[in-house]
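Asker: This is a predicted model, with the sequence first.
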Amino acid sequence: MQYEPGQRVALVHTNDPHTELRPGDEGTVHRYDAGQRRVDVTWDSGSTLSMLLDSGDVITPILAGPWDAASPANAVSPTERVGPAGGVAWAELLDALRIVGATDGTTAAEWWLQDAIGGRAGGDTAATARRILKGIDDEDPAVLDTLPSPVQDWASGITVPRPATVSAAVGSDHAASLLTGEQWQQAEDAYHDGYTSSVTDTIAAACRRRLHPTGDDRDLSHLHPDHVTFGSVGVFSGDWNDAGVMAAHPLTAGYVGTLIDRWNGWAVFTCTKPVAEAIVADQQQVRDAYRAELAAAGVPEADLDRQTDEAYTRLWWDGDVIVADSTTRHDDPSAFERIEPDEQGRYVVMGWSWTWEAVDPYDCARIVGDLPGPDSSQEWRLLTHAPYTRVGPQPYTIGGLVWSGAGAGFAGQLRYAGEPVAEVVDVCGPAPAESPAQLSKLTSRFDAEDWHAYVAAARRGDQPMTEAAVLDALAEDTLLGADVADAVANGGGLARLLDDTGTICDLERVFPTPATADEFHAVQDRLRASRRDPRGVAWQYWNGRSWQHLTNAADTDQPPSGGTATT
């Protein structure tokens, strides 16, 4: 809103605790600084207090003119202007009340926080902050009902009664008296909205600051373990980082990495060299602390190293390679490995060996590594139905597939976020097409640079993919997804036979869906004996969420080795 010199205004709210101005006081604008959102006002009372609109001060314009308070026809609707000569629009009044509510909510929240996790609080304030933050995120009434309520502040207010604020906003008590019951309810709702949002935002930010190891109030909920999937960034830790029940944070450290696999239910992740260096250093600190405990307990000097090695792996650097010695711990001379960086310079530190797991960032006393925002936390994703195929996070899909005949495969559309950007031809179907899959008829929405980056990031197992292979995989994901949906819609399920590279050799519909252990065993026995394709190594079954190993094929001892992470 713009203010002009000579314009009449009324005070709705000010954060200045020392002024004698009160809501409803009127004045005249003599200057407006749009850049600083500052209004210089000569108040009728003689005050020259300026209004800082971005700091919570609220004024409303008024216009001099007749106001026939006696006429019922002057009762206003929510879309009309109220006040002397229609001085303020109804929407502007509601916005002003939301601002006042937000200001009161912030004040109330700050006082409340002093008793909850601030200077007047006792006990483990970190645990309290964690409980409050979780309750706000989960919308748990047991927590929300304990937060400051706008009801009392609307009635009496921290500064002034709210009805007086409404009168000030519309310009007079007479104007306020003409508001209908519905309008008073809308005014109260606007105040409540501003108040409640401000309370939860202020308290949540304070709790995040209390829990975050650097005092940052950034929202890290996108890195919660429940949101960490293959290809996404998370914070990982292990039981050796347990800080004890009396610690403000349950874990001494968390390490930023990208989840790439699961091992016996535990996480396997890649990380940057600085994060790997921190893991090696922290592991040595744990070993040193354990050795000191042994010495304090009277263990002879000659036995200290052996007993420490029995409890913890030894890690050290040899150039850019991490050396891990677990020979004493596992009583196995072969338990010795060299962990080299991948082509991106990233490390898998003791993956498929240590019991890593994704953890809540707010549980960590410190976090090593760069924490991404919500829009950059997914580095890549696994295709749901194309085995062992990972692609970039961009939302490319293939749809509208039509069989073009033997030797020609399928034709369809390459789509980005559901919108067609190109046509694709010669996509592999049940039998390979004679020509590799390719794009044609690119539209103006096709982003060549983005698409080439998407192809460059794609991997089948650990191997790079060509553009044709990526197009075939996207089409396979779509086609098999349609087969799964059709089988489920008809009360059944779907099984697929993979060879030792993870290529799909055959599909088998399973009707009805097995519901008991005996029914699953019957399906396993039938598929094991079917011998559909001599290349087949293992059968997988769609469980409604992902493909799970069902049984090895006949005369086969090993599952397919086409990739690490399973879908």
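Answerer: In hand now; what should we look at?
Asker: what about this structure, any weak spots by pLDDT?
Answerer: For the chain, residues meeting the criterion pLDDT under 70 lie at 1, 63-89, 152-179, 214, 245-246, 248, 429-433, 531-532, 554-567.
Asker: Mind jotting down where the helices sit in it?
Answerer: Using DSSP state H, the helices of the chain run over 90-116, 125-138, 141-144, 150-155, 162-170, 173-177, 181-211, 273-296, 301-311, 327-330, 448-457, 467-489, 517-530.
Asker: Give me whichever of the ones you listed is most buried.
Answerer: helix 162-170 (a mean of 24; mean count of other C-beta atoms under 10 Å). For the C-beta atoms, the positions are set from N, CA and C on the backbone; glycine is no exception.
Asker: Of all the helices of the chain, which one comes closest to Pro250?
Answerer: Smallest distance to Pro250 across the helices of the chain (C-beta to C-beta): 9.1 Å, for helix 125-138.
Asker: Pull the residues that contact that closest one.
Answerer: For helix 125-138, contacts defined as C-beta atoms under 8 Å, 6 or more residues apart in numbering pick out 116-118, 121, 140, 142-144, 200, 203-204, 206-208, 210-211, 221, 248-249, 362-363.
Asker: ok so, going back, using TSV, lay out the helices of the chain together with distance to Leu550.
Answerer: Shown next, in TSV, are the helices of the chain (distance: least, C-beta to C-beta, whole Å):
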stretch	distance to Leu550
helix 90-116	51
helix 125-138	36
helix 141-144	43
helix 150-155	56
helix 162-170	65
helix 173-177	72
helix 181-211	43
helix 273-296	36
helix 301-311	39
helix 327-330	32
helix 448-457	31
helix 467-489	14
helix 517-530	6
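Asker: which residue is nearest the middle of this protein?
Answerer: Compute the mean C-alpha point of the chain, and by C-alpha atoms, centre = their mean the closest residue is His222, 2.0 Å away.
Asker: Against Val199, how distant is that residue?
Answerer: Distance, His222 to Val199, by C-beta to C-beta, to the nearest Å: 23 Å.
Asker: swap in Gly536?
Answerer: Relative to Val199, Gly536 is positioned 60 Å away (C-beta to C-beta).
Asker: thinking again about what came up before, let me know which of the helices of the chain is the nearest to Thr389.
Answerer: Closest to Thr389 of those, according to C-beta to C-beta: helix 467-489, at 4.7 Å.
Asker: and that closest one, how far from the chain's centre?
Answerer: How far helix 467-489 lies from its chain's middle: 28 Å, per C-alpha atoms, centre = their mean, to the nearest Å.
Asker: angle of it against helix 448-457?
Answerer: Going by axes from the mean of the first three to the mean of the last three C-alpha atoms, to 10 degrees, helix 467-489 is angled at 80 degrees with respect to helix 448-457.
Asker: And the contacts of helix 467-489?
Answerer: The list of residues contacting helix 467-489 from outside it, by C-beta under 8 Å, 6+ apart, reads 383-386, 389, 391, 396-399, 401, 410, 412, 414, 424, 427-429, 436-439, 454-455, 458, 460, 465, 493-494, 496, 504, 507, 509-511, 513, 542, 544.
Asker: Could you tell me which of these count as buried?
Answerer: 383-386, 389, 391, 396-398, 401, 410, 412, 414, 424, 427-429, 436-437, 439, 454-455, 458, 460, 465, 493-494, 496, 504, 510, 513, 542 (16 or more other C-beta atoms under 10 Å).
Asker: Inside strands: which ones of those?
Answerer: In strands, defined here by DSSP state E, the members of the buried ones among the contacts of helix 467-489 are 389, 391, 396-398, 401, 410, 412, 414, 424, 427, 439, 460, 493-494, 496, 504, 510, 542.
Asker: ok, now which ones touch Leu550?
Answerer: Ala495, Phe520, Val523, Gln524, Leu527, Ala538, Trp539, Gln540, Tyr541.
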